[in-house]
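>>> Next input, structure requested:
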Amino acid sequence: MSHAIHDFAAKLRQPSVAPAVEAYVRWRRGVRRAEELGVEAPPAPQQAPVSINLDLTTACNYRCTHCIDWDILNTKHRLAEADLRASLALMRERGLRSVILIGGGEPTLYPGFAGFVAFLKGLGLSVAVVTNGSRGDRLLEAIPHLEAGDWIRMSLDAGSNELFAAMHRPTNPAVTLDTICAWIPRLKAANPRPRIGFSYIIVWGGASRDEHALADNIDEIVLATERAKRSGFDYIALKPVLERQENGAEVMDPGKAEAQLDATIARIRREVDRAKALADARFDVYESTNLRMLEEGTWRELTQQPRTCHMQALRQVLTPLGLYNCPAHRGVDKAKIAEKDAYQSEAHAAATGDALAGILDRFDASVECREVTCLYHSTNWWLEGLIAGADEPRIAPGATDGDFFL
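Here you go, the predicted structure:
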């Protein structure tokens with residue numbers, strides 16, 4: 001049985017990954033002990049994160065009203081492919097297991113996108129693609145390289161062409177929800193092994209970006225689910241909209257709902273339940289952890305972070321602007337671990353290890369992420385318990401399913 005999508009602790013207990021997690025825990029124990037004794041702290045282990053989000057480009061052919069990365073889109077920052085390939089090869093040697101091509105821009109606009117996917121698979125990495133779906137031709141070139149366990153997820157967020165256009169504003173008006181969904185049977189025929197998902201960010205009235213109101217799409221949840229199932233997607237993933245705070249963090253802010261909060265949540269719950277009734281043996285309807293907790297009224301539990309975010313050592317974000325500690329802080333200076341050449345050579349990787357040690361102590365997640373409904377919340381507290389515990393840290397190996405996406 002596969003691990004739950006957001007059960008990151010289970011993923012980290014897989015036998016091939018657990019030793020790296022134990023090495024991290026021992027290192028952090030050593031750092032705390034050194035602080036108590038007033039001696040020099042041990043160096044960081046020479047290992048890469050288990051999983052990265054990789055922003056291949058900042059270029060985007062949409063102008064989405066709800067885009068969380070609006071400020072960095074279509075900038076002149078670039079990743080030199082030779083340097084990037086060298087970085088990823090070194091990271092693979094040091095324990096990297098998965099790459100999610102996502103964010104900052106549209107990955108399929110990267111020149112040689114399909115060839116780069118083939119390169120990642122040649123390194124033995126698990127690969128996922130988060131795309132706006134507009135370049136089905138490039139996805140069709142890339143999908144033969146993917147395997148079972150890999151996935152493609154399309155950010156669509158609507159059930160009708162009209163709402164899709166209003167929310168995403170593609171620069172090419174010929175791109176519609178209909179034209180995107182028409183690619184799914186062709187992608188499945190080319191390679192049925194990777195799963196293809198329909199991503200739906202739920203937006204309520206009152207949500208905004210830079211004080212610009214966003215379109216409410218709650219009433220199209222069921223319409224989108226019906227479309228996803230009919231088009232041949234393997235699943236639809238439902239998640240709540242996030243907004244960027246002044247401190248740079250991406251947060252869920254249901255308190256801004258135009259209607260009474262309880263009424264808004266009840267409305268979401270009703271439509272999600274109707275959507276879930278469409279699930280069957282071939283088609284899944286997923287609720288994200290923070291959406292489920294929003295519906296249960298327990299979402300603020302996910303904002304109670306430990307001081308140290310341990311996940312920033314195990315999952316990082318590599319972009320044309322640099323290496324960052326979390327997708328929720330992409331492009332934010334205080335969350336920057338190193339430059340974009342962070343793992344380009346042994347010397348760069350060593351310097352990045354030192355920088356990681358610094359940000360683990362400097363970045364106070366209990367403050368910087370106090371409003372973030374963090375999906376890594378329970379995993380961070382699990383790691384904190386291992387580090388703070390009196391017993392020798394031993395991670396009991398769990399089941400292996402090959403899902404290393406964090």
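>>> contacts and neighbour counts: CA atoms only from here.
Fine.
>>> which residues are contacting the longest strand anywhere in the chain?
Secondary structure of the chain per DSSP state E: the longest strand is strand 195-202. Strand 195-202 is touched from outside by 148-158, 216-218, 221, 228, 233-241, with contacts defined as C-alpha atoms under 8 Å, 6 or more residues apart in numbering.
>>> For the stretch 301-406 of the chain, just list every one of the helices.
Here the stretch 301-406 of the chain has its helices, by DSSP state H, counting those that start in this stretch, at 346-362, 365-368, 377-388.
>>> Please spell out which residues along the second one are buried.
Judged by neighbour count using 16 or more other C-alpha atoms under 10 Å, the buried positions of helix 365-368 are 365, 366, 368.
>>> Please apply the same query to the first one.
Residues of helix 346-362 classed as buried by neighbour count (16+ other C-alpha under 10 Å): 348, 349, 350, 351, 352, 353, 354, 355, 356, 357, 359, 360.
>>> now the last one, nearest residue through space, not along the chain?
When the adjacent residues along the chain are set aside, residue 360 lies closest to residue 308, with 6.1 Å between them (C-alpha to C-alpha, 6 or more residues apart in numbering).
>>> my guess is that neighbour contacts residue 359, does it?
No. Shown here, residue 308 and residue 359 do not form a contact pair, counting by C-alpha atoms under 8 Å, at 9.2 Å.
>>> was I right about residue 229 contacting residue 283?
Yes. Contact criterion C-alpha under 8 Å: residue 229 and residue 283 qualify, at 6.5 Å.
>>> Overlap of the contact sets of these two?
Common neighbours of residue 229 and residue 283 (C-alpha under 8 Å, 6+ apart) are residue 235.
>>> Poorly predicted segments of the stretch 201-350 of the chain, please.
Per-residue confidence of the stretch 201-350 of the chain (counting by pLDDT under 70) places the weak regions at 208-211, 243-259.
>>> Strands of that one, start to end?
Here the stretch 201-350 of the chain has its strands, by DSSP state E, counting those that start in this stretch, at 208-209, 212-213, 235-240, 243-244, 250-251, 284-287, 315-319, 322-324, 336-338.
>>> how distant is the second one from the center of its chain?
Translated: strand 212-213. Here strand 212-213 shows a centroid-to-chain-centroid distance of 24 Å under the convention C-alpha atoms, centre = their mean, to the nearest Å.
>>> So which elements touch it?
Using 3 or more C-alpha pairs under 8 Å, 6 or more residues apart in numbering; DSSP states H and E as the contact test, no helix or strand touches strand 212-213.
>>> following the top helix by length along the chain, which helix or strand comes up?
As assigned by DSSP state H, the longest helix anywhere in the chain is helix 18-37. Next helix or strand after helix 18-37 toward the C-terminus (DSSP states H and E): strand 51-54.
>>> Now do the very next helix or strand once past that next one against strand 315-319, angle only.
Later in the chain than strand 51-54, the nearest helix or strand by DSSP H and E is helix 81-93. Counting by axes from the mean of the first three to the mean of the last three C-alpha atoms, to 10 degrees, helix 81-93 lies at 170 degrees to strand 315-319.
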